[in-house]
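Student: Curious how this folds, go ahead:
(2 chains)
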Amino acid sequence: DAKTTQPNSMESNEEEPVHLPCNHSTISGTDYIHWYRQLPSQGPEYVIHGLTSNVNNRMASLAIAEDRKSSTLILHRATLRDAAVYYCILRPYNAGNMLTFGGGTRLMVKP
Amino acid sequence: DAGVTQSPTHLIKTRGQQVTLRCSPKSGHDTVSWYQQALGQGPQFIFQYYEEEERQRGNFPDRFSGHQFPNYSSELNVNALLLGDSALYLCASSLAGPSGYNEQFFGPGTRLTVL
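Tutor: Here you go, the predicted structure:
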């Protein structure tokens, strides 16, 4: 399975943008890039996903490199509620529901 | 709209015992997956159920088994508990379909402690 590499932790100030990087140099052409986050004492929740083009939704934006070997999750204005562990996950198209979680990035938001 | 619910919230067992955890999927979902999350680590996939059959399995021993009922709810059973089975057990539900872009919804988990 293709693997992802993320920094262990990052810090941000409240109301500032946050860029969370993910490297996935062995990504295959049918792998979708998914991001989930896990708030303290909760199960993971879906954030966003994409294949080749940049994506925006109400929670975040996903910027995908042209060669698809890296991606960046962008939180436009971090709030204290965004403090969580963020997981970057590759999901092959039509290969089952299994999510392969790595260690993720622990985001700390300072007031 | 109720999301994914799990019971019980917490559970304490002793080594060698057996445990059953329960999950009700989000309304309208037909696929249930189970994950184990040890302290400080990311969740690890155990297995997935669809149409009352195990469809996909992660690297877990046969002590871990499951069931899906006609109403799509699911149970996770763990036999002969070991200390290393202490973890947060998460249930996730989704709609069947191409995995590349289906969103999975997670429950809050059941915290299992094995003494």
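Student: quick one, strands of chain A?
Tutor: A:9-13, A:18-23, A:31-38, A:45-50, A:55-56, A:61-64, A:70-75, A:84-92, A:105-110 (DSSP state E).
Student: counting contacts, what elements does the fifth one pack onto?
Tutor: When contacts are defined as 3 or more C-beta pairs under 8 Å, 6 or more residues apart in numbering or on different chains; DSSP states H and E, strand A:55-56 sits against strand A:61-64. Every C-beta, even on glycine, is put in place using the N, C-alpha and C of the backbone.
Student: re earlier: can you add mean neighbour count and mean pLDDT and give the strands of chain A back as JSON lines?
Tutor: Shown next, in JSON lines, are these (neighbours: other C-beta atoms under 10 Å in any protein chain shown; pLDDT from 0 to 100):
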{"stretch": "strand A:9-13", "mean neighbour count": "14", "mean pLDDT": "97"}
{"stretch": "strand A:18-23", "mean neighbour count": "18", "mean pLDDT": "98"}
{"stretch": "strand A:31-38", "mean neighbour count": "23", "mean pLDDT": "95"}
{"stretch": "strand A:45-50", "mean neighbour count": "19", "mean pLDDT": "95"}
{"stretch": "strand A:55-56", "mean neighbour count": "15", "mean pLDDT": "96"}
{"stretch": "strand A:61-64", "mean neighbour count": "19", "mean pLDDT": "98"}
{"stretch": "strand A:70-75", "mean neighbour count": "20", "mean pLDDT": "98"}
{"stretch": "strand A:84-92", "mean neighbour count": "23", "mean pLDDT": "95"}
{"stretch": "strand A:105-110", "mean neighbour count": "17", "mean pLDDT": "98"}
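Student: how about a markdown table for those strands, with distance to residue B:115 added?
Tutor: Shown next, in a markdown table, are these (distance: least, C-beta to C-beta, whole Å):
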| stretch | distance to residue B:115 |
| --- | --- |
| strand A:9-13 | 32 |
| strand A:18-23 | 38 |
| strand A:31-38 | 26 |
| strand A:45-50 | 31 |
| strand A:55-56 | 46 |
| strand A:61-64 | 43 |
| strand A:70-75 | 39 |
| strand A:84-92 | 27 |
| strand A:105-110 | 29 |
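Student: of all these, which lies closest to residue B:82?
Tutor: strand A:31-38 (24.8 Å; C-beta to C-beta).
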